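>>> Compute the structure for the input listed below.
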Amino acid sequence: MQIQNSFDLFCFLKNLGYLKNPPHNLWWPNAGNFEVIIGAILVQNTRWESAFRAINRLRAENLLSLEALAKIPLATLQNLMSDVGFFRQKSQRIIYLCQNILAEFGSFEIFCENVSRQWLLSQKGIGNETCDAILCYGALRAEMVADQYTYKLLKSYGYELEDYDDIKEWLVSGIMENYKEVCKIYEYQIPLNVLYARFHGKIVEYCKEHKSK
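Purely as a prediction, here's the structure:
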């Protein structure tokens with residue numbers, strides 16, 4: 001089939017039933033909570049299962065909070081994340097980011113209300129994909145995430161979009177141009193932050209099931 005824009009892609013994935021009955025409304029587990037920040041960093045170049053195990057270990061040790069991770073000894077955090085790819089580097093970056101969030105915003109709630117994309121991108125280890133994942137699923141902002149799954153999927157349909165911003169713009173433009181039609185499909189005026197989260201989730205779930213693409 002032909003995919004002429006992101007609305008076509010969205011309809012294709014929705015018609016296949018992806019996220020028809022999602023366990024999480026926004027697809028990412030515990031969206032809107034601090035742990036999204038940690039998950040977004042841990043999942044970089046790592047299987048989600050490994051990242052999720054590390055998050056659960058932090059939760060079990062009562063360390064899954066901004067304040068706890070801002071003051072945790074580096075060696076302790078590294079030990080808890082030793083099965084995650086690049087765990088030494090990620091541990092250090094998590095500590096620095098938590099310290100910077102506390103210094104700049106004072107709390108996770110104020111961070112969600114006031115953080116800018118530019119501020120997040122200025123933090124060590126936070127690239128475009130991680131930044132948008134934090135904004136979309138952590139701060140519940142209307143930010144579309146464009147990841148490697150999206151890149152590979154679009155490439156399979158003949159789109160040669162290499163730049164992150166170009167992929168994100170392609171995803172957003174088709175949805176915005178057809179937003180009224182999307183709302184008709186859902187039968188209510190779906191908020192953009194929810195729509196972008198669900199769209200990204202559909203892409204990821206589809207690509208996981210069709211790894212050959």
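>>> Which stretches in this protein count as helices?
Remark: helices assigned in the chain by DSSP state H are 6-15, 35-42, 48-60, 66-71, 74-80, 87-104, 108-114, 117-121, 128-133, 148-156, 164-177, 179-186, 192-209.
>>> contact partners of the fifth one?
For helix 74-80, the surrounding residues in contact (Cβ atoms under 8 Å, 6 or more residues apart in numbering) are 54, 57, 58, 61, 63, 69, 87, 88, 91, 92, 94, 95. Any C-beta I mention is one placed from the backbone N, CA and C, and that applies to glycine too.
>>> try 7 Å this time
54, 57, 58, 61, 87, 88, 91, 92, 94, 95 (Cβ atoms under 7 Å, 6 or more residues apart in numbering).
>>> quick one: residue 129 and residue 168, what's the gap?
Taking Cβ to Cβ, to the nearest Å as the measure, residue 129 falls 9 Å from residue 168.
>>> ok so, going back, between the helices of the chain, which one is closest to residue 26.
helix 192-209 (4.0 Å; Cβ to Cβ).
>>> buried sites along that closest one?
192-207 (16 or more other Cβ atoms under 10 Å).
>>> Please apply the same query to stretch 37-47.
By 16+ other Cβ under 10 Å, the buried positions in stretch 37-47 come out as 37, 38, 39, 40, 41, 42, 43, 44, 46.
>>> Give me the pLDDT value at the residue nearest the centre of the chain.
Nearest residue to the geometric centre of the chain (Cα atoms, centre = their mean): residue 133, 2.6 Å. Looking at residue 133, its pLDDT stands at 97.
>>> list the contacts for it?
Shown in contact with residue 133 (Cβ under 7 Å, 6+ apart): 40, 145.
>>> What of residue 121?
residue 131.
>>> before we move on, the earlier item: and of the contacts of helix 74-80, the nearest to residue 113?
Of these, the one sitting nearest to residue 113 (Cβ to Cβ) turns out to be residue 94, at 21.5 Å.
>>> hmm, who's touching stretch 58-73?
34, 35, 55, 80, 94, 95, 98, 99, 101, 102, 108.
>>> What's the end-to-end length of it?
13 Å (Cα to Cα, to the nearest Å).
>>> My read is that residue 143 contacts residue 137, right?
No - contact criterion Cβ atoms under 7 Å: residue 143 and residue 137 do not qualify, at 9.2 Å.
>>> Compare those two and say which is more crowded by neighbours.
When residue 143 and residue 137 are compared for neighbours, residue 137 comes out ahead with 30 against 22, by other Cβ atoms under 10 Å.
>>> how close does that one get to residue 169?
On the measure of Cβ to Cβ, residue 137 and residue 169 end up 20 Å apart.
>>> Residue 100 too?
29 Å.
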